[in-house]
Every structure is written in C-alpha cells, then in structure tokens.
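Asks: Everything below, folded, please.
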Amino acid sequence: MKQLPIGLEAHIVSGATTLCWCWRLARSDGSVMGFTDHDRDIAFGGTVYEAAAGMTASEIRDAVGLGVDNLEVTSAMTSDRLAEADLAAGVYDNAEVEIYRVNWMAPADHVLMRKGNLGEVKRSGKAFAAEVRGIAHLLQQTKGRIFQYACDADLGDGRCHVALENGTFTGSGVLQNIDSPRRFTASGLAAFASGWFTHGLLTFTSGAAEGQKVEVKSHTNAGGVVTVELWSQARLPLAPGQTFTVSAGCDKRLATCRAKFANAVNFRGFPHMPGNDFLTSVRRPGATSR
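Replies: Numbering: from 1, shown residues only. As a prediction, this is how the structure comes out:
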C-alpha cells in the first residue's frame, strides 16, 4: 500500500480533485525531461513537466508476484524536445521512467505511482507509442555466463584482451555520399578488406550524431569505394564531412578469434560442447566406437 503525503491524502478525501499525470524521463546520456497531461507546465523536484497535448496513458497492468507491470504512453511529438530522429536513433531506449500522480494546484503534493524503463517505441508519422516496463523486467535479463558455442566477451574488453587501439583493428573515416540514415559511403577505410568491420562498432566523432555508437551491419570495399551499413539509424542530419571511428567486427566464433585476432587463448565460448545430436545418440549394434 502506498503512503500518500498528508496534503495529497486530504485533497483526495475532499471529493473534488485537481489531479494529473506527470512523466519524468532520464535518458542514458544524462538528459532529463518531464511531461504532463495537464494543460500547463508543472514544476516539482527540480524538474519542469511540460504540457504535452494529446499525451495519454493506458491502464496500468499489475502482474502477480515477480511478473512485469506494463503500460503504454501514446502522444504526438508536439514538444521541441521530442525529436523523431532521436526516437529512431534509439536515444530513448531503456530510459528510466517515473510516473507521478500530482495535484496541479499544489505540485508539492504528489506521489510516485510507477518506476521502470522504456521498452518498445513504435512510431507512425508524428505520433508515437512507448511501452513502459516495470522494474521487475530486470529480473528477466540474463546474468552471469551462459554455456554456448559463441564467445560472450565484447571485443576489446577486459576478458577479451584484444588491443583495439592497434591500427589494424580500428579505422577512422569521413562520410561521403549519404544513401540513408543507415547506409553511406566513406573515405579513409580503403586499406581494409570487405567485411573487416562487419559486426564492429562505429562511433561518430562529429556532427549531430557525435558520440552515438551503432553496430555495423555490413562493410564492403569495391575497388576502394567503401560502403558502410548500420543496424540502426544515426541521428540526423548526416552530412558529407562528418567523421567517425570504427572497430573491427567479431562474429564470436573460435575460427574468427584465431584467424583474425590471434586470440584463441582468450576465447570465452565453449566450441567443443556436445550438441543435441550427441546427447540423444544411441549405440547401435555393429557400429564402430567413436
């Protein structure tokens, strides 16, 4: 049971209420913003909650036990701080969300109703719908190591030990022709063979996307013409002349670890683990032993 502030409790008991919803978003880049379904801005706790016309929330679905509580917030992107390009680029992915019930006549009287993270964000034109997941969703995330064929280390981390600062494994490029927010040609990478940066990590170092990290879907080098395609969109606008760095890709296989990085001694997978075929096989009369 929630403990209501004395002022808010008295206000609710009065029978004539002036209540609204407020949402506080804290993105992974440190940016904090607030929105409310009231028709005027509201401020409390050091955050200004901007009046967001058309913002509505579905009913909150409570789950029994350790199940995940969910709700969905829908709105049009009427705020200058809500950019379609940022939503497409994943800036709001897993942002922390706090949902408050507030007396807009006395904002100091408020209560935290839910806390969680943004999940799936769906867009259609200028409208969007964002799933808000309760904090219990963290219990569904994989923790610790998993027995699997592929390596579970990130290239260059403390378990992998590959030195990415080595020029062989890292390149610097400059955008040339922009085909889409996910695909472009670049200069500066002509010395690397096709596929060298596939599955690698690209980091923009200038322009609107500066600081954004995106995984590389494909990298081709056709006679010195280098084309890079990303798995998700870069923040717009992209323009020729923007710079980036990109690290070599790793598909997490032992063969790649050995041939591409000479790092098989630090491979963190289990490539010789028996599979289902081995476990379900039976000895047949007359068959030779393994």
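
Asks: C-alpha from now on. contacts and neighbour counts both.
Replies: OK.

Asks: Can you tell me the strand partners of the longest strand along the chain and which way each runs?
Replies: In terms of residue count, the longest strand belonging to the chain (DSSP state E) is strand 110-124. The strands beside strand 110-124 in its sheet (DSSP bridges) come out as strand 96-103 (antiparallel), strand 127-134 (antiparallel).

Asks: list the buried ones in that strand?
Replies: 110-111, 114-119, 121, 123 (16 or more other CA atoms under 10 Å).

Asks: Using CSV, please lay out the residues you listed together with pLDDT and distance to S232.
Replies: Shown next, in CSV, are the buried residues of strand 110-124 (pLDDT from 0 to 100; distance: CA to CA, whole Å):
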residue, pLDDT, distance to S232
H110, 95, 38
V111, 94, 37
R114, 84, 30
K115, 85, 27
G116, 83, 24
N117, 85, 20
L118, 82, 17
G119, 77, 16
V121, 72, 14
R123, 67, 15
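
Asks: Looking at those residues, which is nearest A259?
Replies: G119 (38.0 Å; CA to CA).

Asks: any idea how far the closest one lies from C250?
Replies: 27 Å (CA to CA, to the nearest Å).

Asks: and what of L236?
Replies: Distance from L236 to C250, by CA to CA: 27 Å.

Asks: between the two, which one's more packed in?
Replies: Neighbour count, other CA atoms under 10 Å: between L236 and C250, C250 has more, with 20 against 17.

Asks: quick one, strands of the stretch 101-250 of the chain?
Replies: 110-124, 127-134, 170-180, 183-187, 201-204, 213-222, 225-230, 243-247 (DSSP state E, counting those that start in this stretch).

Asks: What angle do strand 213-222 and the last one make with each other?
Replies: Per axes from the mean of the first three to the mean of the last three CA atoms, to 10 degrees, the angle that strand 243-247 makes with strand 213-222 is 90 degrees.
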